[in-house]
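A.B. asks: Sharing a sequence plus its predicted fold:
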Amino acid sequence: MTAMNLAASQRPVPSRAFAMAAIGGLACAFVIGKVLPVTLDTVSGVLAPLCATAAEGSPLDKVEPIGSYALPNVPGKRVTIVRVSYGPGGFSRPHRHAGSVTAYITKGEIRSQLGGGPVETFGVGQSFFEPPGSTHLVSANASMTEPAELIAVFVADEGAQLTTFLE
């Protein structure tokens, strides 16, 4: 028996659970492959205005779509989830959002100011809420040396432009 054959004969045989998981994963990949192109087109079209943050404060600033789903129990409404990452010193210029937004901080600290209210700083595990149409004057990484990140959950009308930057 050659070393190659010996090594092959000593490999563990996949368990039935592993095989079932692999088959399930392939089935899910097939379904996602059929559905995802439409979903990504929808999400990217809806989120395009959000992605303009990249050149604002730091080259590391970005908005990544996580998902977008019609709400079957609320006809005409959609929930959209995005990850907003700010590099050190990163920020978004003043803007407003269609619908309601809840932000949850997952990394670092975020400074936020809504419609003339106080500037507040939120850390990991904290959240804040933006009522529909409120003006988000400050949305920024509180640190000049560390990155910050939040997950934003939008609930808005189907087809609404989620973010409008103010001039």
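C.D. replies: That came in fine, so what should we check first? Numbering: from 1, shown residues only.
A.B. asks: shaky segments in this protein?
C.D. replies: 1-57 (pLDDT under 70).
A.B. asks: just the strands in it please.
C.D. replies: For the chain, the strands defined by DSSP state E occupy 62-70, 77-86, 91-92, 95-97, 100-107, 109-114, 120-123, 127-130, 135-141, 148-157, 163-165.
A.B. asks: Going by neighbour count, list what's buried in the first one.
C.D. replies: Along strand 62-70, the positions that meet the burial threshold by neighbour count (16 or more other Cβ atoms under 10 Å) are K62, V63, P65, S68. Heads up, the C-betas are built off the backbone N, CA and C, glycines and all.
A.B. asks: Residue ranges of each domain in this structure, please.
C.D. replies: Domains of the chain are assigned by automatic domain parsing as 3-46, 49-165.
A.B. asks: quick one: contacts for the nearest residue to A160 once chain neighbours are set aside?
C.D. replies: Counting by Cβ to Cβ, 6 or more residues apart in numbering, A160 lies nearest to A98, which is 3.8 Å off, once chain neighbours are set aside. Contacts for A98 (Cβ atoms under 8 Å, 6 or more residues apart in numbering) come out as P132, G133, F154, A156, D157, A160, Q161, L162, T163, T164.
A.B. asks: which of those residues count as buried?
C.D. replies: For these, buried by 16+ other Cβ under 10 Å: F154, A156, A160, L162, T163.
A.B. asks: contacting residues for the residue nearest to the second one when sequence neighbours are not counted?
C.D. replies: Pointing back at A156 there. In this structure, A156 finds its nearest non-sequential neighbour in G99, 2.7 Å apart by Cβ to Cβ, 6+ apart. The contact partners of G99, by Cβ under 8 Å, 6+ apart, come to K77, P132, F154, V155, A156, D157, A160, L162.
A.B. asks: cutoff 10 Å now
C.D. replies: Shown in contact with G99 (Cβ atoms under 10 Å, 6 or more residues apart in numbering): 77-80, 130-133, 154-157, 160, 162.
A.B. asks: Likewise for R111?
C.D. replies: Here R111 is in contact with 86, 91, 119-122, 138-143, 148 (Cβ under 10 Å, 6+ apart).
A.B. asks: Of those, which is the nearest to E109?
C.D. replies: Ranked by distance to E109 (Cβ to Cβ), the contacts of R111 are led by A142 at 3.9 Å.
A.B. asks: what's the neighbour count on the closest residue to that closest one other than its chain neighbours?
C.D. replies: Once flanking residues are discounted, A142 sits nearest to E109: 3.9 Å by Cβ to Cβ, 6+ apart. When neighbours are defined as other Cβ atoms under 10 Å, E109 has 17 of them.
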